[in-house]
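Trainee: coordinates for the following, if possible.
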Amino acid sequence: MSQVALKLNRELVKSAKTVAAAEHRSIPKQIEYWAKIGQIAVENPDLNYEMIRDILLGLAQVQSNDIEDYVFADTED
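Mentor: Got it, this is the predicted structure:
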């Protein structure tokens, strides 16, 4: 992955630092995460943040093979 130097607003970096600490991310990774969420939101305006986050979590679970077969509940009484 290539790197690019950017000038960012101090308030954005300050906010990213605070959230990054809480989310156990680096400041650059936190800003990348926000950018990814924003890009997905622009491309999919019908999805809210929780849906986007859950989709990203599901994709990460598949990539790490942290999945289980779904077992349907028995509907017979």
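
Trainee: tell me the pLDDT at residue 70?
Mentor: On pLDDT, residue 70 comes in at 82.

Trainee: same thing with the one 4 residues further on?
Mentor: Here, the pLDDT recorded for residue 74 equals 79.

Trainee: for it, which three-state class applies?
Mentor: Under DSSP: H, G, I helix; E, B strand; the rest coil, the three-state class of residue 74 is coil.

Trainee: how near is it to residue 68?
Mentor: 18 Å (C-beta to C-beta, to the nearest Å). C-beta coordinates here come from the backbone N, C-alpha and C atoms, glycine included.

Trainee: low-confidence ranges, this structure, go.
Mentor: 77 (pLDDT under 70).

Trainee: quick one, helices of it?
Mentor: Ranges of helices in the chain, per DSSP state H, are 10-23, 27-43, 49-63.

Trainee: JSON lines please, covering those helices and showing distance to residue 4.
Mentor: Formatted as JSON lines, the helices of the chain follow (distance: least, C-beta to C-beta, whole Å):
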{"stretch": "helix 10-23", "distance to residue 4": "16"}
{"stretch": "helix 27-43", "distance to residue 4": "11"}
{"stretch": "helix 49-63", "distance to residue 4": "23"}
